[in-house]
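In: have a look at this prediction, sequence included:
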Amino acid sequence: MKYAVLERTVPAELGTPETIRQAGEAGFDGIALQINGPDPSAFPVWNPEGRARIREAAVEAGVEITSVSPSFYWQGWEAQQGFLSDNQFRREEAIDALKHIIDAAGGVNADLVLIPFFQLCKIEDETDKQRVIDALGAVIGHAEHNDVTVTLETSLPASENAEIVDAVDSPAVKICYDAANKAALYGYDDVAEVRELGDRIGEYHVKDFHEPPPAFPDNYAALGEGAVDQQGVADALQDVGYDGWAVLETEMDKPLEYTMDQLAYTKELFGD
């Protein structure tokens with residue numbers, strides 16, 4: 001297992017080299033970068049010059065860039081609903097943006113691009129699912145060329161996530177499994193979900209939420225103190241052969257030492 005931290009989880013300002021340095025200082029193997037809206041071009045990973053600075057910072061910190069996540073898809077940029085829009089031009093615009101993000105990930109040697117499907121981009125019905133499948137089909141060659149895997153984080157049950165992955169039929173499309181979202185927000189049995197998804201899981205978010213969850217950010221709980229059966233999920237992941245990235249998405253606005261403690265807890269779960 002390799003251990004990374006979501007960029008907003010460390011204290012430094014999002015989109016700065018300091019987040020990468022802090023990830024290394026805390027003992028992580030990698031960091032998952034985020035591109036927040038409404039202007040993705042404000043983030044260094046969006047342009048070649050910024051990617052060069054990111055690569056340099058990662059080497060200096062001794063960490064890998066795990067993934068690039070375009071959070072802007074559900075933070076305002078996506079007011080036109082991205083892949084799910086009824087407007088074909090808007091869907092094509094979202095596909096072009098995803099190709100650009102895949103280029104960005106390849107440019108910083110990241111393994112993954114995480115696409116979140118929440119709020120305005122929540123997958124609600126069969127039409128939405130088919131539009132996601134079509135969009136992924138349009139970028140698969142681009143992802144494979146860049147040696148990047150696109151992971152999807154959705155509110156759907158394992159069976160429907162599996163349908164999407166199987167329909168695209170490429171090793172470059174997997175599911176990002178977030179146990180806290182699944183258990184506390186949607187009421188799924190995490191252990192059963194992980195076992196059903198099996199090798200379709202390409203990324204794991206380590207997180208815990210109170211149940212029932214209060215409003216963000218008070219919904220966060222220390223790992224092992226919320227709704228998630230942390231050990232059960234860790235065991236299930238190992239049983240299905242998952243050995244990729246475990247990305248900590250723990251409480252924000254905490255000292256770096258807190259995140260280090262959460263990393264130590266996570267490593268114990270996996271026997272590292």
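Out: The structure has been received and is ready for your questions.

In: give the bridge partners for the residue nearest to the spatial centre of the chain, please.
Out: Closest residue to the average C-alpha location of the chain: L114 at 4.3 Å, with Cα atoms, centre = their mean. Here L114 sits in beta bridges with T151, as judged by DSSP bridges.

In: tell me the pLDDT at it?
Out: On pLDDT, L114 comes in at 97.

In: just checking, it touches S67?
Out: Yes: look at L114 against S67 with Cβ atoms under 8 Å: they come within range, at 5.2 Å. (C-beta placed from N, C-alpha, C; glycine too.)

In: now for the two: what residues contact both?
Out: Applying Cβ atoms under 8 Å, 6 or more residues apart in numbering, one finds that L114 and S67 are jointly contacted by A32, T151, E203.

In: export those to TSV and tack on pLDDT, neighbour count and distance to I164?
Out: Converted to TSV, these look like this (pLDDT from 0 to 100; neighbours: other Cβ atoms under 10 Å; distance: Cβ to Cβ, whole Å):
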residue	pLDDT	neighbour count	distance to I164
A32	98	27	21
T151	98	28	12
E203	99	27	15
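
In: any idea which helix or strand in this structure has the lowest mean pLDDT?
Out: Lowest on mean pLDDT, DSSP states H and E among the helices and strands of the chain sits helix 88-107, with a mean of 92.

In: got the contact list for that one?
Out: Contacts for helix 88-107 (Cβ under 8 Å, 6+ apart): 35, 40, 45-46, 48, 51, 55, 65, 67-68, 70, 73, 78, 80-85, 111-113, 115, 131, 135, 138-139, 142-143, 146-148, 150.

In: quick revisit: turn the shared contacts of L114 and S67 into JSON lines, columns for distance to E7.
Out: Shown next, in JSON lines, are the shared contacts of L114 and S67 (distance: Cβ to Cβ, whole Å):
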{"residue": "A32", "distance to E7": "6"}
{"residue": "T151", "distance to E7": "16"}
{"residue": "E203", "distance to E7": "14"}
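
In: so E60 is in contact with R21, correct?
Out: Yes: using Cβ under 8 Å, E60 is in contact with R21, at 7.3 Å.
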